[in-house]
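J.: With the sequence up front, the predicted model follows.
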Protein chains: 2
Amino acid sequence: MLDHITNRWGIWVLLGLRHRELRFFELRDRIEGISEKMLSQTLRQLVADNLVWRRVEATVPPQVTYGLTEFGKGAADHLGGMFDWIRLNAASMMEDCPEEAAEG
Amino acid sequence: MLDHITNRWGIWVLLGLRHRELRFFELRDRIEGISEKMLSQTLRQLVADNLVWRRVEATVPPQVTYGLTEFGKGAADHLGGMFDWIRLNAASMMEDCPEEAAEG
DNA sequence: CAGTATCCAAAATGATACTG
DNA sequence: CAGTATCATTTTGGATACTG
């Protein structure tokens, strides 16, 4: 399952759904570069893993909405935390890395 | 860079180095299923990203040791935390998921 | 021991067209 | 709108042989 989460697209879907539930096309629009095929496939995996839920409204045209389960929220939280931490520390790391000298 | 960390093997290398520094063959042994090619490649990426350091001792036979930088330690920590959390919650999630009913 | 180079197989991805 | 099917391409991974 970690594979699905850390997949090329899994991360972005989970982070994309972090703030609110989204329709299929909203996700596709949010996650730039993703194809419909990959989005569909990734979503199916995440739904199967109980990280994401799927709600279909049998209207015309049909509306399908995706959101995070409680489990998915936790995962997205960890993921987001790590992501933020990396962005913060990567910046200061590139400027100057005094810790490296302390290693030896 | 997130790609490198969440790579198929990047995760396991970072987690493998979490407790202590290791030699090349120790890592290869620890991470079952990894080939020398993939290990070498993954390590080069992580070193380039400043997540891992590399120490060469010019002995015969040569000894090369890898370990986490301060930056890498932080990343491995986040990764390990998420990993543990998933393992814990995935188990209870599969048995019973009352939160799901509360969604609708 | 610690790699690198090469070649090959397998899997992931993408573009496009199509369906209900 | 929300997908699925198909095909071509790209990427990844592994086995093996070779080097210092």
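T.: Cool, got the structure.
J.: Checking residue A:67 next. Helix, strand or coil?
T.: strand (DSSP: H, G, I helix; E, B strand; the rest coil).
J.: Quick check: nearest residue in space to it, chain neighbours excluded?
T.: residue A:21 (3.4 Å; C-beta to C-beta, 6 or more residues apart in numbering or on different chains). To be clear about C-beta, it is placed using only N, CA and C from the backbone, and glycine gets the same treatment.
J.: per-residue pLDDT, the one you found?
T.: pLDDT for residue A:21: 98.
J.: In chain A, where is pLDDT below threshold?
T.: Applying pLDDT under 70 to chain A picks out residues A:94-104.
J.: got the angle for the longest helix belonging to it vs helix B:70-95?
T.: Criterion DSSP state H: the longest helix present in chain A is helix A:70-95. Helix A:70-95 and helix B:70-95 are oriented at 170 degrees to each other (axes from the mean of the first three to the mean of the last three C-alpha atoms, to 10 degrees).
J.: Is there any residue in helix A:70-95 that contacts chain B?
T.: Yes. Helix A:70-95 lies within reach of chain B by C-beta under 8 Å from any C-beta of the partner chain, at A:70-71, A:74-75, A:78-79, A:81-83, A:85-86, A:89-90, A:93-94.
J.: from those residues, which single one is nearest DNA strand C?
T.: Using C-beta to the nearest atom of the strand, residue A:79 comes nearest to DNA strand C of those, at 16.2 Å.
J.: and the residue nearest to residue A:47 when sequence neighbours are not counted, backbone torsions?
T.: Closest residue to residue A:47 apart from its sequence neighbours, by C-beta to C-beta, 6+ apart: residue A:54 at 5.2 Å. Here is the backbone geometry of residue A:54 (degrees, to the nearest 10): phi -140, psi 130.
J.: what's near enough to touch residue A:54?
T.: A:43, A:47, A:64, A:65, A:66 (C-beta atoms under 8 Å, 6 or more residues apart in numbering or on different chains).
J.: near DNA strand C, which residues of chain A?
T.: A:7, A:8, A:9, A:33, A:34, A:35, A:36, A:37, A:38, A:61, A:62 (C-beta under 7 Å from any atom of the strand).
J.: give me the subset of those touching chain B.
T.: Within these, those near chain B by C-beta under 8 Å from any C-beta are residue A:8.
J.: Name the nearest of the residues of chain A next to DNA strand C relative to residue A:17.
T.: When those are compared for distance to residue A:17 (C-beta to C-beta), residue A:9 wins out at 12.3 Å.
J.: surely the closest one meets residue A:42?
T.: Yes. Residue A:9 is in contact with residue A:42 according to C-beta atoms under 8 Å; the separation is 4.5 Å.
J.: who touches both of those two?
T.: Counting by C-beta under 8 Å, 6+ apart, the residues touching both residue A:9 and residue A:42 are residue A:34.
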